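Trainee: sequence plus the predicted model coming up.
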Amino acid sequence: MSKKVAFLQGNEAAAHGALYAGCNFFAGYPITPSTEVAEVMSVELPKIGGKFIQMEDEIAAYAAILGASLTGKKVLDATSGPGLSLKQELIGYACIAEIPCVLINVMRGGPSTGMPTGPSQSDVMCAKWGTHGDHASITLMPASVQECYDMTVQAFNLAEKYRMPVLVMPDEIIAHMRERIEFREPGELEVIERTAPSVPPAEYKPYDTRFGDVPPLAAFGSGYKFHVTGLNKMQDGFPTTKAEIVQAEEERQVRKVMDKVDEIVDFEEFMMDDAEICVVAYGSTSRSARYAVNVAREQGIKVGMFRLKTFWPFPDKQIKAIADKIKGFIVPEMNLGMCSVEIERCNMGKAQILCVNRVDGEPLNPDQILEKIKEVK
Amino acid sequence: MSEEKKLPRIEIIEKYCKGCHICVEFCPTKVLEMKGFVVSVKDLSKCIKCMQCELRCPDFAIKVYAE
Amino acid sequence: MAYDYDKYIRPGKLPHIWCPGCGHGIVLKGLIRAMDSLNLKKEETAIVSGIGCASRLPGYMDCCTLHTAHGRAAAFATGVKLARPEMNVILVGGDGDGTAIGGNHFIHACRRNIDMTYVIMNNYIYGMTGGQFSPTTPHLMKASTTPYGNPDPSFDIAKLAIGAGATFVARGTAFHANQIDKLIAEGIQHKGMSVIEILDDCPTTYGRRNKYKSVIEMMNRLKEVAVPVKAAEKMTAEQLQGKILTGVLYKADLPEYCAEYQKVIERSQGGAK
């Protein structure tokens, strides 16, 4: 075995995943419990000629990665709850200006300063609805240290492919736990590069839909001159208030993701073949759920788990199909009911839905989930 | 009689002019005047080619062509 | 001969959106003359702004232009510059955008002494939103949100920049049009963070409320209050009362951020100490 193996924290693994994906620019601001991502990047990036900068605040960090991304860099920022709130305006900027970037948001207790060192899963709605205005979100949910690595690679691929911000959101448990991980060999995972323009500078438009719903993005400093704004824009990047253009562009920005849901959405089904009960879980909670499912199976209960690896776009199609087949959903979360709202939406009143919620800074334990499984009628 | 002095050409781009009066006021020899909402040349013979109008116009509306 | 501004203006973008008599157009022309004098390549120059009247300037420039979110120009620009240090990075914006909502980014860009040039058009007001007072609105002056006179003291942008660590700080005015390009050009040439404050006028939302009868009166006020630094050296404190210094106010030769980061790269690779 020549594979490089290490015993790492989730945060450290995510940073190494970013490097594997070709990340060469990081801007951040210190915040618990995500700071290790910045620390690893500060060590590793200069070694490969990349750039690391610690900015004056959370907003500045996100602004800096957007500026750097426009010069053609693959960019990363890392934060946690309060930082996610602060960055929201610029996440919207990245959506409308269509700038590829990745943000790792380690979920801690909230709202506000909340419980900085305690785990939580209460940022999942903020990931979708935090910034104002219509927009699509791609949000990934690692449940292991290896997934912190792999999903960060995937996040870069999605950001570059769909020209938009992508979030990776480990909860604090996943971000700080240590596990054995394998560093991927070159070529082992796909690494997607941004589509460069195929037209000469004089003909280039930054939002040229002749090239599809994801127009090629040129880099500042590469010979192409173009305008980028947070205003509703035309294909040439300049602001407009023309109703039909604004409508078409807004719809395209959402459609470019929603038309590709089947390609983007990733999930794991565990013991779901004959399941009458489905535990829908994500992040560290899915580890407790897996244990609970195993114990329940030993007791003869037909239960399985649907694990969300992609939280946004939400796997509507899969959940709707499960709802047709089962008696009940169990939705364990370290929040007071967020994923369960989405399950209710997809369930359309078909199956019973039972929630297990915990926001006291302690992990959800398998017993709590098992107890709920037994309540399904 | 001395040789007739060569006059400059003052081009006014009317669609750019917003009628702010800056050029009219800061022309040291009062070559320009307002005609309605846009500037126009009143007396080109007074022009000393100082280029103040072109320099100060916030709207790119005046060009002075002088040898 | 007439100056060829079209060399740097994006085709078809004029006339600009600014009000009659607004000095932003004068600053835009000064910026173009500065860039032209240095023969800056358009595709190697990024012009970055935030939100507000002055922040609409990049749209008129035929360069790599980035109209960011309110106050964030300096932070976006820092990303552009550090990622591609070979690019010329010029920031433009107003007093509210740069020193209120963007104040933190402004002082930290100064502190890093990163090689960017920030042209701040200070017209003492939030113009685009209709004339609310800004951090530079003088005490007791009127704005739409200071109907009884401004109770706040105001920032001196140039002093703020010097205090924060910018290594080239200059001030001009929209009246002194032929000085603007020279100050900006010197700022662009300076290695490090340069801040050029241009005292400007907003006849529409500031002049009107503060009893300026016309744009001309506002321009004449700029003419009267401005004192070149050299001239000020020979003036008494009494004579300088109510005056504002113009010209290059501060210049220092200190390590520049991108160059310092390059040393970080070398140290991380076991190279130069």
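Mentor: Perfect, I can see it now. Numbers count the residues shown, from 1 in each chain, chains lettered A, B, ... in the order given.
Trainee: quick one: the helices in the stretch 201-350 of chain A?
Mentor: For the stretch 201-350 of chain A, the helices defined by DSSP state H, counting those that start in this stretch cover A:243-258, A:261-264, A:284-298, A:316-325, A:339-347.
Trainee: of all the residues in chain C, which ones are close to chain B?
Mentor: Contact residues (C-beta under 8 Å from any C-beta of the partner chain) of chain C with chain B: C:1-3, C:5, C:9, C:14-16, C:18-26, C:29, C:177-178, C:203, C:214-216, C:219. For every residue, glycine as well, the C-beta is placed using N, CA and C.
Trainee: make TSV out of the helices of the stretch 201-350 of chain A and add distance to A:Asp123.
Mentor: Output for these, formatted as TSV (distance: least, C-beta to C-beta, whole Å):
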stretch	distance to A:Asp123
helix A:243-258	19
helix A:261-264	20
helix A:284-298	14
helix A:316-325	21
helix A:339-347	12
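Trainee: confidence score at the residue nearest to A:Lys256 when sequence neighbours are not counted?
Mentor: Spatial nearest neighbour of A:Lys256, excluding adjacent residues (C-beta to C-beta, 6 or more residues apart in numbering or on different chains): A:Asp213 at 3.9 Å. Here, the pLDDT recorded for A:Asp213 equals 98.
Trainee: can you pull the pLDDT of B:Met1?
Mentor: For B:Met1, the model assigns a pLDDT of 46.
Trainee: thinking again about what came up before, a markdown table for the helices of the stretch 201-350 of chain A, including mean neighbour count, distance to B:Lys35 and mean pLDDT?
Mentor: Shown next, in a markdown table, are these (neighbours: other C-beta atoms under 10 Å in any protein chain shown; distance: least, C-beta to C-beta, whole Å; pLDDT from 0 to 100):
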| stretch | mean neighbour count | distance to B:Lys35 | mean pLDDT |
| --- | --- | --- | --- |
| helix A:243-258 | 15 | 37 | 98 |
| helix A:261-264 | 14 | 62 | 98 |
| helix A:284-298 | 21 | 76 | 98 |
| helix A:316-325 | 16 | 66 | 98 |
| helix A:339-347 | 19 | 66 | 98 |
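Trainee: wait, doesn't A:Gly205 sit right on A:Lys233?
Mentor: Let me fix one detail, which is that residue A:205 is Lys and not Gly. No - under the criterion of C-beta atoms under 8 Å, A:Lys205 is not in contact with A:Lys233, lying 10.2 Å apart.
Trainee: tell me, what's touching the two both at once?
Mentor: Common neighbours of A:Lys205 and A:Lys233, using C-beta atoms under 8 Å, 6 or more residues apart in numbering or on different chains, do not exist here.
Trainee: how many residues are close by whichever residue of the stretch 1-150 of chain C sits closest to chain A?
Mentor: Residue nearest to chain A within the stretch 1-150 of chain C: C:Gly79 (2.8 Å; C-beta to the nearest C-beta). Counted with other C-beta atoms under 10 Å in any protein chain shown, the neighbours of C:Gly79 add up to 31.
Trainee: with A:Leu231 instead?
Mentor: A:Leu231, neighbours per other C-beta under 10 Å, totals 16.
Trainee: residues contacting it?
Mentor: Counting by C-beta under 8 Å, 6+ apart, A:Leu231 has contacts A:239-240, C:67.
Trainee: phi and psi next, for A:Leu354.
Mentor: When read as degrees, to the nearest 10, the backbone of A:Leu354 gives phi -120, psi 130.
Trainee: quick one: the helices in chain B?
Mentor: In chain B, the helices defined using DSSP state H lie at B:22-26, B:52-56.
Trainee: which regions of the chain sit below the pLDDT cut-off?
Mentor: Let's take chain A. Within chain A, the segments meeting pLDDT under 70 span A:1.
Trainee: my question was about chain C, not that one.
Mentor: Ranges of chain C meeting pLDDT under 70: C:272-273.
Trainee: for chain B, give me its nearest residue in it.
Mentor: Closest residue of chain C to chain B, C-beta to the nearest C-beta: C:Gly25 (3.0 Å).
Trainee: what parts of the stretch 51-200 of chain C come near chain A?
Mentor: So the stretch 51-200 of chain C meets chain A at C:51, C:58-59, C:62-69, C:72, C:75-84, C:86-87, C:104-105, C:107-108 (C-beta under 8 Å from any C-beta).
Trainee: just the buried members of those?
Mentor: C:51, C:58-59, C:62-69, C:72, C:75-84, C:87, C:104-105, C:107-108 (16 or more other C-beta atoms under 10 Å in any protein chain shown).
Trainee: in helices, which of those appear?
Mentor: C:75-83, C:104-105, C:107-108.
Trainee: need the max-distance pair from those.
Mentor: C:Ala83 and C:Ile107 (21.6 Å; C-beta to C-beta).
Trainee: quick one: the strands in chain B?
Mentor: For chain B, strands defined by DSSP state E occupy the ranges B:9-12, B:32-35, B:38-41, B:62-65.
Trainee: if I look at A:Met92, how far off is A:Glu98?
Mentor: Quick fix: residue A:92 reads Gly, not Met. Between A:Gly92 and A:Glu98 the computed distance is 12 Å (C-beta to C-beta, to the nearest Å).
Trainee: show me which of the two is the more surrounded one.
Mentor: Ranked by neighbour count (other C-beta under 10 Å), A:Gly92 and A:Glu98 place A:Glu98 first, with 22 against 19.
Trainee: if I look at the residue nearest to the more buried one when sequence neighbours are not counted, how far off is chain C?
Mentor: Spatially, and ignoring its direct neighbours in sequence, A:Glu98 is nearest to A:Arg163 (4.5 Å; C-beta to C-beta, 6+ apart). A:Arg163 sits 16 Å away from chain C, going by C-beta to the nearest C-beta, to the nearest Å.
Trainee: got a list of what A:Arg163 touches?
Mentor: Contacts of A:Arg163 (C-beta under 8 Å, 6+ apart): A:98-100, A:194, A:214-215, A:217, A:256.
Trainee: cool, and A:Val341?
Mentor: A:Met125 are the contacts of A:Val341 under C-beta under 8 Å, 6+ apart.
Trainee: can you tell me the element the residue in chain A positioned nearest to chain C falls in?
Mentor: Of all residues in chain A, A:Gly67 sits closest to chain C, at 2.8 Å by C-beta to the nearest C-beta. Using DSSP states H and E, A:Gly67 falls within helix A:58-69.
Trainee: now do A:Leu19
Mentor: Going by DSSP H and E, A:Leu19 is in helix A:10-20.
Trainee: output that helix as PDB - backbone C-alpha positions only.
Mentor: Written as PDB, here are the backbone C-alpha positions of helix A:10-20 (Å, rounded to 0.1, in the frame of the first residue of the first chain):
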ATOM      1  CA  GLY A  10     -12.400  16.800   9.900                       C
ATOM      2  CA  ASN A  11     -11.300  20.400   9.500                       C
ATOM      3  CA  GLU A  12      -7.800  19.400   8.600                       C
ATOM      4  CA  ALA A  13      -9.100  16.800   6.100                       C
ATOM      5  CA  ALA A  14     -11.300  19.400   4.500                       C
ATOM      6  CA  ALA A  15      -8.300  21.700   4.000                       C
ATOM      7  CA  HIS A  16      -6.400  18.800   2.400                       C
ATOM      8  CA  GLY A  17      -9.400  18.000   0.200                       C
ATOM      9  CA  ALA A  18      -9.400  21.700  -1.000                       C
ATOM     10  CA  LEU A  19      -5.700  21.400  -1.900                       C
ATOM     11  CA  TYR A  20      -6.400  18.200  -3.800                       C
END
